[in-house]
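**Student:** Sequence and predicted structure are below.
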Amino acid sequence: MLQLHDLTFQWPHAGKPVLVIDALAIQAGTRLFIQGPSGCGKSTLLGLLAGVLLPTSGSLQFMGNDWHRLRPGQRDRFRADHIGYIFQQFNLIPYLNAVENVVAPCHFSSKRYRSATQATGSPWQAATRLLDAIGLSKNDQRAQARELSVGQQQRIAAARALIGQPDLIIADEPTSALDEAHRDAFMHHVLTAVENAGSTLIFVSHDQRLASRFTHHLKLPDINRAAHPSHA
């Protein structure tokens, strides 16, 4: 699913790289839990895996495609077809309601539109089913995103990532605003949806209590040579 070699990433004008990783391979169907202290490069790594960022050097392949070799428009289309991304800041469209936000990826990907339609009859029905399962009331589903709480917005962002059964789900701290009951329900639904779709899941969290739900675990500082004081 994902393979990287000799990857380095350095922000422009930064004095040193934030990531230096010799190798990492993630197989299709893996449920990977990534942890590490704040500032160790977790969100940066997710951006690279999704082709939102490009390596400063080295190679990173997703489903056999090197992100560097795709033109920007090709990267956007490939990402829209194959990746659902739960952003740490949600990135919802504030004036759209919950259902409209969840359906949004289907407007950019005919592949996910077809998948959602085949599963439930239409992307709008798929969005409603996802929001029902994730615990958002019918009234809240009709509300604009900006009118809802942080926790409700977080659940909408998860449903948006899941619609259309993308091959890869990337989740950046998706449970940080949820209480224990909603967190457990959220995790149950996300993991069930991922399993039913056969998707790969890459999940970043500081909540160690979630780790047991995953098949694979990675402490980013263990493979990131930029995190070691001895790295030049």
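**Tutor:** Nice, I can see it.

**Student:** what about residue 10, how many residues close to it?
**Tutor:** Using other CB atoms under 10 Å, residue 10 is surrounded by 16 other residues. C-beta here means a position set from N, CA and C on the backbone, and glycine is covered the same way.

**Student:** same question but for residue 213, I mixed them up
**Tutor:** So residue 213, with other CB under 10 Å, has 15 neighbours.

**Student:** Which SSE is immediately downstream of the lowest-mean-pLDDT helix or strand in the chain?
**Tutor:** One helix or strand of the chain scores below all others by mean pLDDT, DSSP states H and E: helix 180-197, with a mean of 86. Using DSSP states H and E, the helix or strand that follows helix 180-197 in sequence is strand 200-204.

**Student:** The closest residue to residue 99 other than its chain neighbours: helix or strand, and which one exactly?
**Tutor:** Nearest residue to residue 99 in three dimensions, chain neighbours excluded: residue 127, at 4.7 Å (CB to CB, 6 or more residues apart in numbering). Assigned by DSSP H and E, residue 127 belongs to helix 123-133.

**Student:** Render the CA-only coordinates of that helix in PDB, please.
**Tutor:** Taking C-alpha atoms only, helix 123-133 is exported to PDB below (Å, rounded to 0.1, in the frame of the first residue of the first chain):
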ATOM      1  CA  PRO A 123     -24.100   9.400  -1.700                       C
ATOM      2  CA  TRP A 124     -26.700  11.300   0.400                       C
ATOM      3  CA  GLN A 125     -28.200   8.100   1.800                       C
ATOM      4  CA  ALA A 126     -24.600   6.900   2.500                       C
ATOM      5  CA  ALA A 127     -23.800  10.100   4.300                       C
ATOM      6  CA  THR A 128     -27.000   9.800   6.500                       C
ATOM      7  CA  ARG A 129     -26.200   6.200   7.300                       C
ATOM      8  CA  LEU A 130     -22.700   7.100   8.400                       C
ATOM      9  CA  LEU A 131     -23.800  10.100  10.500                       C
ATOM     10  CA  ASP A 132     -26.600   7.900  12.100                       C
ATOM     11  CA  ALA A 133     -24.100   5.300  13.000                       C
END
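
**Student:** what sits against the residue nearest to residue 99?
**Tutor:** Residue 127 makes contact with 98-99, 102-103, 116, 159, 163, according to CB atoms under 8 Å, 6 or more residues apart in numbering.

**Student:** now, the most widely separated pair of the residues you listed?
**Tutor:** 98 and 116 (15.5 Å; CB to CB).

**Student:** ranges for the strands of this protein?
**Tutor:** For the chain, the strands defined by DSSP state E occupy 2-9, 19-26, 31-35, 57-62, 65-66, 83-86, 168-172, 200-204, 216-219.

**Student:** Show me the shaky parts of the protein.
**Tutor:** 229-232 (pLDDT under 70).

**Student:** if we go to 90?
**Tutor:** Counting by pLDDT under 90, the ranges of the chain that qualify are 13-15, 36-40, 87-90, 133-135, 150-151, 154-155, 173-190, 192-198, 206-208, 227-232.
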